[in-house]
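Novice: Provided below for reference: sequence and predicted model.
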Amino acid sequence: MATIVGNPRDFFNYTSGRWIWDEEEQLRERYREFDILELQKVAMEAASGASYVRMEKLGEGSYNKSFRLTMANGTAVIARIPNPNAGPAFLTTASEVATMDFLRTILHVPVPKVLAWNATVDSANRVGAEYIIMEHAPGKNLADHWADMDLEHKVQTMKDIVTIQQKLLSVRFPAYGCLFFSNDAPPDSHPATVKGDKLSQELRENIAEQFSIGPVVDTEFWRNERGDMDIDRGPWASAVDYLKSLALREIAWIQKHATPRSSNDPLYLSVVPHLLPKDEDLLGSFLWHTDLRTPNIFVNDNGNITSIIDWQSTWAGPLFLEGRHPHFLDYNGELILELPENFKQLDENTQNTVKDQVTKSILLYLYEKYTAERNPVLSRVLRYPNGKTMTDPVRFVGNTWDGDILPLRESLIRVQNFSPEEIRRHYEDGEGWNEVQDFWDAISGIMGRDGWTSHETYDQAMAIYAEIQAKAASHSDHDG
């Protein structure tokens, strides 16, 4: 008999937290029913017909639910079921599978092998939902061990990151977009006619035959009513075309489904040519993992990386926009590469703080050193003058309605000539904005900006929300 750990209904529901507002809608976007028994059968078949023992739900994100299925012989596989909000049906799963296959078989990046998958929900799909069955990542999760690892093993992990990024940079794509198997690629996709110094002509031809570059599956291009709109989702031949598509996407959506809050998207369009470097090498199209956090990395006892997970929505994008320090190696404090002479005279808490600063400093210093030696084009991106100033408008332009216009306008002021009157009005609009940001930062450990909170902090978050509502009602009565 198969063992199910927990309530089977929890396999369909989002159970990792609550929302203070719009909870019903948030949960609906993350609710996905499927046939548990049929998923178990598919997993057993994928595991070479092994008999099944146990199924348990692992940690879930905003867009997927993951399950570990352990067989009688000890073999474990992972099953991933995308939520309704994960992106376009079929394309999101198909692109993820093709990307992982390309990474594993062409670039030899350590990612789990996909054992079975189905991106079509029809009568032939016994599970009744899209799914991916993949190998269980070997090793231990870096999130559980990073804090306790010694410096030598942390350096080894960092070196492996540099090696993996070198592999990603070894193949340049002909356009910007998501990767698909050619027989799954939607219309208007292009053969992946890649470039790479170490690729044989035969391999390049095989890649072009097997893989295609198609539209992006990023949820920003598909969420709300955007999924039904005729907008440009790629593939794009130039970085300028991609940047323009971000604003044109939002303009089209606002014109059809909302009331404009500002006229700054046209200003963004006017500065697009100035947001990109002239060096074409920095605009190369490469596959890139933009969320290299410790939960997505697995290592062995020596710190060697054994697997990297979470490649959903990965695309071949402009390196200048995608290339960043890995999250767990990024450090913005003072660079201290050795312990101070008075270290032994410091109290224990201060010693721990200083040792942590030294460790982070050494890792950042070595990462940048090795990157400059082995991945010089990435090093140039990381060191590009005013790189953040140039890319901020790209990050903000897609959020001017659901989010806030002020960050976009502030970033545009830095690269576009605004009149004194326009700047004056901008700062008038911004009065009180910093206070609002400070408020959200102060309660970030309790409640997110979308109202998400953990089960443990739910009551505290509800109390804060009730206080906000009471103050708003009081101000409304006073104004009336």
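Specialist: The structure has been received and is ready for your questions. Residues are numbered from 1 along each chain as shown.

Novice: Pretty sure Leu69 sits in a strand.
Specialist: Yes: when DSSP: H, G, I helix; E, B strand; the rest coil is applied, Leu69 is found to be in a strand.

Novice: Give me the nearest residue to it, chain neighbours excluded.
Specialist: Ala43 (4.5 Å; Cβ to Cβ, 6 or more residues apart in numbering). In short, each C-beta sits where N, CA and C put it, glycine included.

Novice: mind checking the SS state of the one you found?
Specialist: Quick answer, by three-state DSSP: Ala43 is helix.

Novice: Relative to Ala124, how far out is it?
Specialist: Ala43 is 18 Å from Ala124, where distance means Cβ to Cβ, to the nearest Å.

Novice: In terms of neighbours, single out the busier of those two.
Specialist: A count of neighbours by other Cβ atoms under 10 Å puts Ala43 above the other of Ala43 and Ala124, at 27 against 7.

Novice: Run a quick check on Trp19 versus Ser454, I expect a contact.
Specialist: No: taking Cβ atoms under 8 Å as the definition, Trp19 is not a contact partner of Ser454, at 11.1 Å.

Novice: Val53 is in contact with the residue nearest to Leu69, correct?
Specialist: No: assessed by Cβ under 8 Å, Ala43 is found out of contact with Val53, at 10.9 Å.

Novice: tell me the domain ranges of this structure?
Specialist: As assigned by automatic domain parsing, the chain contains the domains 3-137, 432-480.

Novice: Can you give me the buried ones in stretch 379-388?
Specialist: Neighbour-count burial for stretch 379-388 flags Ser379, Arg380, Val381, Tyr384, Gly387 (criterion: 16 or more other Cβ atoms under 10 Å).

Novice: Now do the contacts for the second one.
Specialist: Spelled out, it's Arg380. By Cβ atoms under 8 Å, 6 or more residues apart in numbering, the contact set of Arg380 is Asp279, Asp281, Leu282.

Novice: at 10 Å instead, please
Specialist: By Cβ atoms under 10 Å, 6 or more residues apart in numbering, the residues touching Arg380 are Pro277, Asp279, Asp281, Leu282, Leu319, Phe320, Gly323, Thr371, Ala372, Gly387.

Novice: How about the fourth one?
Specialist: Neighbouring residues of Tyr384 by Cβ under 10 Å, 6+ apart: Pro277, Asp279, Leu282, Phe320, Gly323, Met390, Thr391.

Novice: What is the burial count for the nearest residue to Glu152 once chain neighbours are set aside?
Specialist: Spatial nearest neighbour of Glu152, chain neighbours left out: Gly303 (7.4 Å); criterion: Cβ to Cβ, 6+ apart. Gly303: 21 surrounding residues under other Cβ under 10 Å.

Novice: Helix, strand, or coil at the residue most central in space within the chain?
Specialist: Centroid check for the chain by Cα atoms, centre = their mean gives Asp291 as the closest residue, at 4.8 Å. For Asp291, the secondary structure call by three-state DSSP comes out as coil.

Novice: pLDDT score for it?
Specialist: With respect to pLDDT, Asp291 scores 93.

Novice: now Ile413
Specialist: 40.

Novice: Excluding chain neighbours, what is closest to Ile297?
Specialist: Using Cβ to Cβ, 6+ apart and skipping the chain neighbours, the partner closest in space to Ile297 is Leu142 (4.2 Å).

Novice: For this structure, which residues score under the pLDDT cut-off?
Specialist: 1, 259-268, 389, 392-393, 395-437, 472, 474-480 (pLDDT under 70).

Novice: how does it look with 50?
Specialist: 264, 401, 403, 405-416, 418, 423-424, 426-428, 430, 433 (pLDDT under 50).

Novice: Grab the longest helix from it for me.
Specialist: helix 348-374 (DSSP state H).

Novice: Show me what that one packs onto, helices and strands only.
Specialist: helix 151-168, helix 376-382 (3 or more Cβ pairs under 10 Å, 6 or more residues apart in numbering; DSSP states H and E).

Novice: Pull the distance from the helix or strand that comes right after the first one to the chain's centre.
Specialist: Spelled out, that is helix 151-168. Following helix 151-168 in sequence order, the next helix or strand is strand 178-181 (DSSP states H and E). Mean-position distance between strand 178-181 and its chain equals 17 Å (Cα atoms, centre = their mean, to the nearest Å).

Novice: Just the residues contacting strand 178-181, thanks.
Specialist: With Cβ under 10 Å, 6+ apart, strand 178-181 has contacts from 87, 91-92, 94-103, 173, 185-186, 189, 192, 210-218, 233-235, 287, 311, 313-317.

Novice: from the residues you listed, which ones fall inside helices?
Specialist: Using DSSP H, the contacts of strand 178-181 in helices are 91-92, 94-103, 210.
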